[in-house]
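Undergrad: here you go, sequence then predicted model.
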Amino acid sequence: MNFNDKVPIYYQIKQYIYGEIIGENLKAGQKLPAIRQLAVTLTVNVNTIQRALSELISEGVLVTQRGKGNFVTTDVQLLVALKKRVVTAQFSELYDKLITLKISPPEMVQYLQDYIDQRKEA
Amino acid sequence: MTDILNIQHLNYKLNLVSILADVNLTVPAGSIVGLLGANGAGKTTLMRLISGVAHDHHNTITVADQTSAAQRKQLVSFSHQLDGANNHARLSQIVHDYQVLYPDFAAAQFQELVAFLELDLHKRLQQLSKGNRKKFIIALTLARQVPLYLLDEPFDGIDGMSRKKIIASILQWKTDDATILISDHHVDDIANLLDSVAVIKDKHVVATAQAETIREEYGQSIEDYYEAIYEGGKQND
């Protein structure tokens, strides 16, 4: 995995796991790989993985079962809220960029609609 | 967290030339610390002193509460560059010598590392490519069961694939309470592995910082941080 070297790695790992969950590569209730395995796969320090997972656990996105490992929550409401939060963050970034280009919100909607139509045709 | 390594006011001279001056460094157990500095800054000398190969006459280095060089040798696995080894020797012979020298050498773990790094122990030392030589050194170093590992420039001059293999083997075989001090002058290689960095420059450890703090609070990459220290110093000199 390629990390942005100016952004905390634990934060990027959290985003990566959010993505895996929302994209359903990790399904509700599914077990995560062991911490060391994640460290080797993502080529980061075990302590960094540990920090990312601890935050995901305190957010309720992951649930620890003693002696068994970490699992994606089965709390559907929480997963829906997570998806909304992650998608909103993407739009927030785009919105801020477009505002600096002096694109009005109605124009944004139009641009987005045009773009989607264009992608569908391609 | 307890500190596995504690250095207070270390001074070191060789032939009356000061190599390290008033070096202070503490390293918590279980962490991976990058020792960064230009060539000739004193990284290797510092590692030699910590490992007990070079002598610190003032007992300013403590590893797991031990200050004597003889005790520290038992607690530290230092990546020797095999400079003194016979180039005609087969790797298996060098491994055997290592095993005799270090009772903490874990043969089973060494075999796992050898398999993972795809080393052929029937070969002679002189037959190894630079990358395979580095892999062999890593396997020997990590096979010892000690609290502190010192890896001196493990990626110097090797290709990307060998580098990845070595990094993976460090992550795979480092136990949770083991501590690794890893020196490099090319930070990018190891930035994601590190818990913290210590920058050595002009005989001193001039800065230490948590890797994630550098990114989170300064918005810098480890490399930016390191370069800023080196460039900033030039203006002040």
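TA: The structure has been received and is ready for your questions. Note that the structure is predicted; figures quoted are calculated from it, not measured.

Undergrad: for chain A, what lies in contact range of chain B?
TA: Taking CB under 8 Å from any CB of the partner chain as the measure of proximity, chain A contacts chain B at A:3, A:5-11, A:36, A:39-40, A:43-48, A:51. C-beta: built from backbone N, CA, C; applies to glycine.

Undergrad: apply 10 Å and report the result again.
TA: A:1, A:3-12, A:35-51 (CB under 10 Å from any CB of the partner chain).

Undergrad: could you pick out which of the residues you listed are located in helices?
TA: Applying DSSP state H to the residues of chain A next to chain B, the entries found in helices are A:9-12, A:35-42, A:46-51.

Undergrad: measure the residue of chain B found nearest chain A to A:Thr41 for me?
TA: Relative to chain A, the nearest point of chain B is B:Ser221 (3.7 Å; CB to the nearest CB). Here B:Ser221 is placed at a distance of 22 Å from A:Thr41 (CB to CB, to the nearest Å).

Undergrad: which one's more surrounded, those two?
TA: B:Ser221 (20 against 13; other CB atoms under 10 Å in any protein chain shown).

Undergrad: so which residue is smack in the middle of chain A?
TA: By CA atoms, centre = their mean, the mean C-alpha position of chain A lies nearest to A:Tyr18, the distance being 3.0 Å.

Undergrad: follow-up on the earlier one: so among the ones in helices among the residues of chain A next to chain B, which ones count as buried?
TA: Neighbour-count burial (16 or more other CB atoms under 10 Å in any protein chain shown) is assigned, among these, to A:9-12, A:35-36, A:38-40, A:42, A:46-49, A:51.

Undergrad: on that earlier part again, what's the helix or strand for the residue nearest to the residue nearest to the centre of chain A when sequence neighbours are not counted?
TA: Of all residues beyond its chain neighbours, the one nearest A:Tyr18 is A:Val86 (5.2 Å), with distances taken as CB to CB, 6 or more residues apart in numbering or on different chains. Secondary structure from DSSP states H and E places A:Val86 in helix A:76-100.

Undergrad: is the residue nearest in space to the middle of chain B bridged to anything, and to what?
TA: Compute the mean C-alpha point of chain B, and by CA atoms, centre = their mean the closest residue is B:Leu151, 2.3 Å away. Beta-bridge pairing for B:Leu151 (DSSP bridges): B:Ile182.

Undergrad: go on, B:Leu35?
TA: Beta bridges link B:Leu35 to B:Ser183, B:Ala198, judged by DSSP bridges.

Undergrad: in contact with it, which residues?
TA: B:25, B:27, B:41-44, B:46-47, B:50, B:150-153, B:181-185, B:197-200, B:205 (CB atoms under 10 Å, 6 or more residues apart in numbering or on different chains).

Undergrad: show me which of those are buried.
TA: By 16+ other CB under 10 Å, the contacts of B:Leu35 give B:25, B:27, B:41-44, B:46-47, B:50, B:150-153, B:181-185, B:197-200, B:205 as buried.
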